[in-house]
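> Coordinates for the following, if possible.
(one chain, ligands or ions: 2)
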Amino acid sequence: MTGQSVDEYGSGNQVDIEGRQGTQGDMPGEKPVNITAQFRQAGVETVWDRSELQTPRCGFGELGVCCRNCNMGPCRIDPFGEGAQRGVCGATAEIIVARNFGRMIAAGAAAHSDHGRDVAHALMQAARHPESGYAVKDAGKLRKVAKTLGVAFENRTTADVAADVAQAALAIFGQQEGEIPLVRLAPETRQAQWRRLNIVPRGIDREVVEMMHRTTMGVDHDHRNIMLQGSRVALSDGWGGSMIATELQDILFGTPSPVRGRVNLGVLSRDEVNVVVHGHEPALSEMLVVAARDGELLALAKEKGAKGINLVGICCTANEILLRHGLPIAGNVLQQELAVITGAVEAMVVDVQCIMPSLPELCKCFHTRLMTTSSKGRIEGAFHHEFSEENAYQTAREIVQDAVMNFPNRGAVDIPGESMDLVAGFSHEAITYMLGGTFRGSYHPLNDNIISGRIRGVAGVVGCCNPKVPHDRSHVDLVKELIANDVLVVQTGCSAIACAKAGLMVPESAERYAGKGLAEVCRTVGMPPVLHSGSCVDNSRILIALSEMVKAGGLGNDISDLPVAGAAPEWMSEKAVAIGQYFVASGVFTVFGVGLPVMGSELFLRHLCVEHESMLGGKWAVEPDAHRMAGLMIDHINKKRKALGIDQGRERVLFDMEMRRELAAKEPAA
Ligand code: NFS
Ligand code: SF4
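Numbers count the residues shown, from 1 in each chain. Ligands and ions are numbered 1, 2, ... in the order given. Model (predicted):
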């Protein structure tokens, strides 16, 4: 738990935090409907109800000291040193936690990378089958990526270059030897260190497979050696699968630039057909964007009594359509059930990742049609519209048509009034442009601001939400304290959605929350102090931005020299662990909240939180309290500033309770 009690925020009822307070969303003159009591009565449950039923949680599981890797087990280590200290095979606590941790990294890397593979397929469709509906939108980015992948582009058609880029990208997944090409985007010093440690990924799939092999019964029994492979798999995600996903999505759907949007459940429409797209792959959501504007379907919607079609997103797919189209975000991962509970959702369309298996049961209580679209992610009780890159537009049309036909089945509707403006779309290209202007497009101005001390440093605050802690709170508290200390914050994933809802992603929030120096920079450039860079695969944008900062000069020779830090305050997914490890292996100090399932071995924890620093320049920390987390990050940034000789005696602004109350009072009424 965080240091602050739930009650301090007046949010004892988790569900109420998101504005399920009955009737505020109702239109004037209408009879207010409060379905909250009704759904409680009908036995409708949410993630918070189920989380409570899981307490007290299994301590062995929380500490990471249980092993099911073979059938001589399951085995567990007694953390108090009284009972068994070895599994049946002889595995110690550090072997068990290292294997479990390694497998989490492998699973996370697999998820991001399999997404990347699908994007490469979509790019191939765009190149070879334009009738699929996909096309190259950013030819400039295509050339840039072609160059990195060693694909010739002079005097060739866009289609031919795109086909070769897609082919080259696909080859990286199955590559067996050598080095994956994208690591060359990292600073030279960093690459050299990876080579010394022999952790440059040889291919994406290969590293995932090798981690599974090494952690099966009876193979790798050296926790440090397991973690070398942990770094290699993680790097094959950050500088491989995720980066391929991001770069190729930009080619296909456009490189994001600043765009206005709205966020929170209040974006659901009272009089339009609401289609919620939830999951991760923009190959699907981009087609839904087109289908939702289809003239025939709009006419059908009118016929059914709706004023239009309102496409909104949940989770990372929401970030993708926000960044590229300014479409609204209904919420982050913990709001997927709440969206259905409004009674206003005609269709919830899902693909892969972070989709709760609770949805079909929940949808039964409302008129919402849950539609799965991926052969990889089916849910019993959902309608399945198989989506492939070949039949993309046709399927998207069918889905939207289904949703429209469902509109007359709507019952009582209770949409919370809350929604908030935001500006998103800060790809590393956009940051270059914003800070540098057309002619000076570079990271020099950012570095100058850091060297002069106006900006203390940069923090990446990313990752999931977790029902073990008050929804969104750690994200928001952490980010507020960072920007008050002149730390520019870059965000992705559900964390970005959390802070957007809190109003931190509008330029005006600089005056309200940021320290003097950061506010001044934001005012000059017209940007918010908290930059939304996209979905979780877009953490690769942050890796590239950090590399560009190194190349721009003045802040050392490596990512590990930069005054930067990372955090995932409310993480839950294995994907977050893969991200954490690739940031650490890239030289970034990274703090996770809500515990880490390795605490059952002090040796292993020491390896992650101390020994990693001398090997990789980056290291882990675990700190559930947002205020202390901010302290760790700012102290680290100050340490780096000092090493660079740019500390100029800047002290951290300490947040006492008084200041925190003051900040809370400045929060705009939602
Ligand atoms: Ni990231 Fe995106 Fe959210 Fe966590 Fe899930 S949606 S890929 S994993 S929960 S941030
Ligand atoms: Fe137990 Fe070893 Fe088998 Fe794990 S691998 S279940 S510790 S015997």
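> so which strand or helix has the nearest residue to residue 575 once chain neighbours are set aside?
Distance criterion CB to CB, 6 or more residues apart in numbering; nearest residue to residue 575, sequence neighbours excluded, is residue 108 at 4.0 Å. Yep, even glycine has a C-beta here, placed from its N, CA and C like the rest. Per DSSP states H and E, residue 108 falls inside helix 93-128.
> so what secondary structure elements neighbour that helix?
strand 66-67, helix 158-174, helix 204-214, helix 223-236, helix 242-253, helix 282-291, helix 574-585, helix 602-606 (3 or more CB pairs under 8 Å, 6 or more residues apart in numbering; DSSP states H and E).
> how close does the residue nearest to residue 493 when sequence neighbours are not counted sit to ligand 1?
Leaving aside its chain neighbours, residue 493 sits nearest to residue 536 (4.3 Å; criterion: CB to CB, 6+ apart). Per CB to the nearest ligand atom, to the nearest Å, residue 536 is found 3 Å from ligand 1.
> and what of residue 500?
Noted for residue 500: a distance of 13 Å to ligand 1, by CB to the nearest ligand atom.
> The helix or strand containing that residue vs helix 574-585, what angle?
Here residue 500 sits within helix 493-501, counting by DSSP H and E. Angle, helix 493-501 to helix 574-585, by axes from the mean of the first three to the mean of the last three CA atoms, to 10 degrees: 90 degrees.
> how does the chain divide into domains?
The chain is divided into the following domains under automatic domain parsing: 93-253, 265-409, 440-666.
> so can I have JSON lines of those showing mean pLDDT?
Formatted as JSON lines, the domains of the chain follow (pLDDT from 0 to 100):
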{"stretch": "domain 93-253", "mean pLDDT": "97"}
{"stretch": "domain 265-409", "mean pLDDT": "96"}
{"stretch": "domain 440-666", "mean pLDDT": "94"}
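> Kindly report the residues of the stretch 1-150 of the chain close to ligand 2.
67-70, 72-75, 87-89, 91, 96 (CB under 6 Å from any ligand atom).
> quick one: which of the residues you listed is most hemmed in?
Sorting these by how many neighbours each has (other CB atoms under 10 Å) puts residue 96 first, at 29 neighbours.
> Bridge partners for the residue nearest to that one when sequence neighbours are not counted, pull those for me.
The shortest distance from residue 96 to any non-neighbouring residue, by CB to CB, 6+ apart, is to residue 67 (4.6 Å). As for beta bridges, residue 67 partners with residue 75 under DSSP bridges.
> Next one: residue 205 from residue 233, what distance?
Using CB to CB, to the nearest Å, residue 205 is found at 10 Å from residue 233.
> which of those two has more neighbours?
Neighbours per residue (other CB under 10 Å) separate residue 205 from residue 233, with residue 233 holding more: 32 against 20.
> got a list of what the more buried one touches?
Contact analysis of residue 233 by CB atoms under 8 Å, 6 or more residues apart in numbering lists 102, 105-106, 109, 201, 207-208, 210-211, 578, 581.
> Distance check, it against ligand 1.
17 Å.
> Just give the closest residue to that residue, not the sequence neighbours.
residue 207 (4.4 Å).
> Return stretch 455-468 as CSV; C-alpha atoms alone will do.
Provided in CSV are the C-alpha atoms of stretch 455-468 (Å, rounded to 0.1, in the frame of the first residue of the first chain):
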residue,chain,number,x,y,z
ILE,A,455,14.7,21.5,-16.8
ARG,A,456,16.2,19.3,-14.1
GLY,A,457,15.8,16.1,-16.1
VAL,A,458,13.4,13.8,-17.9
ALA,A,459,11.3,11.0,-16.4
GLY,A,460,9.4,8.3,-18.2
VAL,A,461,6.3,7.4,-16.2
VAL,A,462,4.6,4.4,-17.8
GLY,A,463,2.7,1.2,-17.3
CYS,A,464,-0.6,-0.2,-16.1
CYS,A,465,-3.1,0.3,-13.3
ASN,A,466,-3.5,-2.2,-10.5
PRO,A,467,-6.6,-2.7,-8.3
LYS,A,468,-4.3,-3.3,-5.3
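> gap between it and the chain center?
When distances are taken as CA atoms, centre = their mean, to the nearest Å, stretch 455-468 is centred 10 Å away from the chain's centroid.
> Say whether ligand 1 is contacted by that stretch.
Yes - shown here: stretch 455-468 in contact with ligand 1 (CB under 6 Å from any ligand atom) through 463-464.
> Residues of the stretch 401-550 of the chain that sit close to ligand 1?
So the stretch 401-550 of the chain meets ligand 1 at 463-464, 493-494, 535-536 (CB under 6 Å from any ligand atom).
> The chain too?
280, 315-316, 332-333, 353-354, 463-464, 493-494, 535-536, 573, 575-576.
> Buried among those residues? Make that a PyMOL selection.
Only the buried entries of the residues of the chain next to ligand 1 go into this PyMOL selection, using 16 or more other CB atoms under 10 Å:
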select buried, resi 280+315+316+332+333+353+354+463+464+493+494+535+536+573+575+576
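> Around ligand 2, which positions in the stretch 151-300 of the chain sit nearby?
So the stretch 151-300 of the chain meets ligand 2 at residue 217 (CB under 6 Å from any ligand atom).
> in the stretch 151-300 of the chain, what residue is nearest ligand 1?
Using CB to the nearest ligand atom, the single residue of the stretch 151-300 of the chain nearest to ligand 1 is residue 280, 6.0 Å away.
> Moving C-terminal from the helix holding residue 108, which element do we reach first?
Immediately after helix 93-128, counting by DSSP H and E, sits helix 139-149.
> just how off-centre is the helix or strand containing residue 490 within its chain?
Assigned by DSSP H and E, residue 490 belongs to strand 487-491. How far strand 487-491 lies from its chain's middle: 14 Å, per CA atoms, centre = their mean.
> and if you look at stretch 213-220?
30 Å.
> Stretch 473-489 now?
That offset, for stretch 473-489, works out to 17 Å (CA atoms, centre = their mean).
> try stretch 327-343
Per CA atoms, centre = their mean, the displacement of stretch 327-343 from the mean C-alpha position of its chain is 16 Å.
> For that stretch, measure first residue to last.
Distance between the two ends of stretch 327-343: 21 Å, counting by CA to CA, to the nearest Å.
> List the buried residues for it?
Under 16+ other CB under 10 Å, the buried positions of stretch 327-343 are 327-343.
> so which of these are also by ligand 2?
Applying CB under 6 Å from any ligand atom to the buried residues of stretch 327-343, none is adjacent to ligand 2.
> Restricted to helices, list these.
Members of the buried residues of stretch 327-343 lying in helices (criterion: DSSP state H): 336-341.
> Now for the residues you listed: which two are most distant?
Maximum pairwise distance among these (CB to CB): 10.0 Å, between 336 and 341.
> For residue 55, find the nearest of the domains of the chain.
That would be, of the domains of the chain and by CB to CB, domain 440-666, which comes in at 9.0 Å.
> ok, the residue in the stretch 201-350 of the chain that ligand 2 sits nearest to to residue 61 distance?
Going by CB to the nearest ligand atom, ligand 2 is nearest to residue 217 of the stretch 201-350 of the chain, at 4.0 Å. According to CB to CB, residue 217 and residue 61 sit 19 Å apart.
> neighbour-wise, which of the contacts of residue 233 leads?
In terms of neighbours by other CB under 10 Å, the contacts of residue 233 top out with residue 109 at 34 neighbours.
> List the buried residues for stretch 491-507?
Residues 491-506 are the ones in stretch 491-507 that count as buried (16+ other CB under 10 Å).
> scratch that, stretch 556-574 is what I was asking about
For stretch 556-574, burial by neighbour count (16+ other CB under 10 Å) applies to 556, 558-574.
> One more: stretch 131-150?
Within stretch 131-150, the residues scored as buried using 16+ other CB under 10 Å are 132-134, 136-138, 141-146, 149.
> repeat for stretch 298-307
298, 300-301, 306.
> Show me how far it is from its chain's centre.
Distance, stretch centre to chain centre, for stretch 298-307: 35 Å (CA atoms, centre = their mean).
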